[in-house]
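What shape does this take:
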Amino acid sequence: MAPPPPPRPAMFPTWSTLTAAPHRIPFLAGAGMALASVSWWLLDLTSRYAGGTGLAPDGFVGPVFHAWVMLYGLFPFFIFGFLFTAVPNWLNSGKIARPAYTTTGVLMALGVALTFFLPTSGMVLHLIGWGVGLMTLLRTIVRTPPQDKRHSQLICTALGLGWVGNALFLLWLWTDLAGLLAWAQAMGVWAFLVPVFLTVCHRMVPWFTSRVVPNYVLIRPYGPLLVMLVASLLHGLLEALALARFTWLVDLPLMGIAFWFASRWGIARSFGVRLLAMLHVGFVWSGLAFLLYAADSLARFVHLGWGAGLAPLHALGIGFFTTMLVGMASRVTLGHSGRPLEADSATWWLIWLVQAMAVVRILPDLLPPLQAWSQPCIFLTGLLWLATFGLWAWKYAPAYWRPRLDGKPG
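Residues are numbered from 1 along each chain as shown. As a prediction, the model looks like this:
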């Protein structure tokens with residue numbers, strides 16, 4: 001009897017592979033957005049420094065569009081890509097359906113791309129994709145049997161608040177009410193990104209550590225995490241109400257708990273495993289950022305005449321968020337492409353490029369003698385960002401349109 005004929009190749013093999021796992025489209029779009037957003041920002045800065053009007057789309061000025069892109073246009077791709085994989089594992093539920101995660105990734109990617117030219121239409125499309133992703137995760141939580149769902153519920157709450165903040169940005173674009181812009185920016189940081197990253201760290205950093213560090217005691221109390229989340233929301237509220245001189249009241253507890261977690265989670269023992277150490281290093285930046293926010297707020301409170309400028313925001317956005325993004329995305333990509341869960345030398349050096357990027361960006365704001373170098377440091381930060389994500393995409397992006405090396409599905 002003749003052997004059966006080999007299976008016919010799929011009609012669209014690249015698309016079939018690209019949609020084989022829920023993280024592939026969002027991570028690929030996120031890698032592209034990381035490069036496009038900062039390339040645009042450097043060109044916009046160059047135009048304005050040369051006396052031009054900048055490259056912002058209609059209704060925006062350069063810094064405001066940069067804020068929207070970084071808060072709502074970049075990080076959500078990696079957040080949804082991670083959660084579509086992680087939440088079903090946390091809850092032992094079925095996998096996210098392909099149409100749901102594909103629709104989310106495609107609509108958000110098309111929306112962000114369109115925003116550079118037609119901001120209103122692009123933001124509406126982006127919001128629809130975000131809403132599809134959020135509802136998909138909520139259905140997963142609701143349909144699973146009773147269990148500890150707190151991490152998933154907290155993260156989905158933050159995603160919902162992020163959707164609201166994104167919608168406020170769109171409403172501001174329609175109405176030009178300055179108050180809406182303040183709320184949209186504050187919510188993007190303190191009601192969305194900080195809660196998401198803190199909750200993911202609380203869930204994953206000690207768990208990953210327990211898998212590779214011998215004789216490790218997993219410490220993951222919910223009480224301190226909830227205090228941090230409430231403090232984050234209060235910081236955002238005070239910031240939106242132009243009461244930044246009082247945020248030290250919540251920044252100091254945020255800082256103290258962050259450093260306590262970093263110590264108890266065993267950062268010193270993590271450096272034996274590079275892929276793990278990357279996450280610990282990223283989390284330490286949260287404590288440093290909260291420290292800078294507290295110092296800036298206290299200086300305002302006592303009328304010191306000194307301010308930290310944008311250093312706290314970039315310590316948070318580059319030091320904390322971006323380090324965690326590169327660490328987590330690298331780990332997910334390796335684990336779901338059939339590769340060993342090991343950070344090679346290239347990935348390890350990319351993490352230190354992110355650290356250099358954060359230091360270069362924040363020092364001119366903190367040290368008055370370096371303020372004359374502020375503009376060159378901004379450009380150098382942008383070039384370091386492009387180098388980091390260009391190398392990261394060159395190394396990891398092909399895994400999103402290629403089959404797994406081990407032949408397994410996904």
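
How many neighbouring residues does Leu114 have?
Residues within reach of Leu114, counting by other CB atoms under 10 Å, total 18. In short, each C-beta sits where N, CA and C put it, glycine included.

Dead centre of this structure: give me the residue that sits there.
The residue lying closest to the centre of the chain (CA atoms, centre = their mean) is Phe75, at 3.7 Å.

and it, what is it in contact with?
By CB atoms under 8 Å, 6 or more residues apart in numbering, the contact list for Phe75 reads 30, 193, 321, 325.

In helices, which of these appear?
30, 325 (DSSP state H).

do you know how far Val189 is from Leu363?
21 Å (CB to CB, to the nearest Å).

Pick out whichever of those two has more residues nearby.
Of the pair Val189 and Leu363, Val189 is the one with more neighbours under other CB under 10 Å, namely 22 against 16.

check contacts around the more buried one.
Contacts of Val189 were listed using CB under 8 Å, 6+ apart, and they are 71, 236, 313, 316.

Trp373 too?
Contacts of Trp373 (CB under 8 Å, 6+ apart): Pro364.

Test for you: state the pLDDT assigned to it.
At Trp373, the model reports a pLDDT of 91.

same deal with the one 10 residues further on?
What the model reports for Leu383 is a pLDDT of 97.

Now name the helix or strand holding the residue nearest to Leu55 when sequence neighbours are not counted.
Once flanking residues are discounted, Leu55 sits nearest to Asp44: 4.4 Å by CB to CB, 6 or more residues apart in numbering. Per DSSP states H and E: Asp44 is located in helix 24-49.

Please state the offset of that helix from the chain centre?
Relative to its parent chain, helix 24-49 has a centroid offset of 14 Å by CA atoms, centre = their mean, to the nearest Å.

what's the answer for stretch 306-319, then?
A distance of 16 Å separates the centroid of the chain from that of stretch 306-319, by CA atoms, centre = their mean.

First-to-last residue distance for that stretch?
The first and final residues of stretch 306-319 sit 22 Å from each other (CA to CA, to the nearest Å).

State the helix or strand in which the nearest residue to Leu43 once chain neighbours are set aside lies.
With CB to CB, 6+ apart as the criterion, Leu43 has its nearest non-adjacent residue at 5.7 Å, and that residue is Leu55. Assigned by DSSP H and E, Leu55 belongs to neither a helix nor a strand.

Okay, Leu55 and Gly410: tell me how far apart.
Distance from Leu55 to Gly410, by CB to CB: 39 Å.

the more surrounded of those two?
Leu55 (17 against 14).

which helices and strands does the longest helix seen in the chain pack with?
Criterion DSSP H: the longest helix present in the chain is helix 274-301. When contacts are defined as 3 or more CB pairs under 8 Å, 6 or more residues apart in numbering; DSSP states H and E, helix 274-301 sits against helix 194-212, helix 248-264, helix 267-270, helix 311-314, helix 323-335, helix 345-366.

give the contact list for Ser270.
By CB under 8 Å, 6+ apart, the residues touching Ser270 are 209, 213, 276-277, 279-280.

Tell me which of the residues you listed has the lowest pLDDT.
Val213 (91).

any chance of the helices and strands packed on helix 274-301 in TSV, plus distance to Trp172?
Shown next, in TSV, are the helices and strands packed on helix 274-301 (distance: least, CB to CB, whole Å):
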stretch	distance to Trp172
helix 194-212	21
helix 248-264	25
helix 267-270	40
helix 311-314	19
helix 323-335	26
helix 345-366	26
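
which stretch in those has the least confidence?
When I compare the helices and strands packed on helix 274-301, helix 267-270 is least confident, with a mean of 91.

Can you point out the buried residues in it?
267, 269-270 (16 or more other CB atoms under 10 Å).

Return it as PDB; C-alpha atoms alone will do.
Taking C-alpha atoms only, helix 267-270 is exported to PDB below (Å, rounded to 0.1, in the frame of the first residue of the first chain):
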ATOM      1  CA  ILE A 267      17.700  40.100  43.600                       C
ATOM      2  CA  ALA A 268      21.200  39.200  44.700                       C
ATOM      3  CA  ARG A 269      20.500  35.500  44.000                       C
ATOM      4  CA  SER A 270      19.000  36.100  40.600                       C
END
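
host element of Pro376?
Take DSSP H and E as the rule and Pro376 turns out to sit in helix 374-396.

the inter-axis angle of that helix versus helix 345-366?
Orientation check (axes from the mean of the first three to the mean of the last three CA atoms, to 10 degrees): helix 374-396 against helix 345-366 gives 160 degrees.

Quick check: buried residues in helix 374-396?
Neighbour-count burial for helix 374-396 [16+ other CB under 10 Å]: 377-378, 381-382, 384-385, 388-389, 392-393, 396.

how about Leu304, secondary structure?
Recorded secondary structure, Leu304: coil (DSSP: H, G, I helix; E, B strand; the rest coil).

how close does it sit to Leu243?
17 Å.

Now Ile267: closest residue in space, sequence neighbours ignored.
Ile267 sits nearest to His280 (CB to CB, 6+ apart), 4.2 Å away.

Is it correct that that neighbour is in contact with Ala262?
Yes - contact criterion CB atoms under 8 Å: His280 and Ala262 qualify, at 7.0 Å.

Which one of these two is surrounded by more residues?
A count of neighbours by other CB under 10 Å puts His280 above the other of His280 and Ala262, at 23 against 20.

and the more buried one, what does it touch?
By CB under 8 Å, 6+ apart, His280 lies in contact with 205, 209, 262, 265-267, 270.

hmm, back to that, turn the contacts of Val189 into CSV, including secondary structure and distance to Gly62.
Listed next are the contacts of Val189 as CSV, based on DSSP: H, G, I helix; E, B strand; the rest coil; distance: CB to CB, whole Å:
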residue, secondary structure, distance to Gly62
Leu71, helix, 15
Gly236, helix, 24
Leu313, helix, 16
Leu316, helix, 21
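
Identify, from the buried residues of helix 374-396, the entry nearest to Leu181.
The nearest member of those to Leu181, counting by CB to CB, is Ile378 at 21.7 Å.

List the backbone torsions phi and psi for Leu218.
With angles defined as degrees, to the nearest 10, Leu218 sits at phi -70, psi 120.

what sits against Met70?
Going by CB under 8 Å, 6+ apart, Met70 touches 37, 317.
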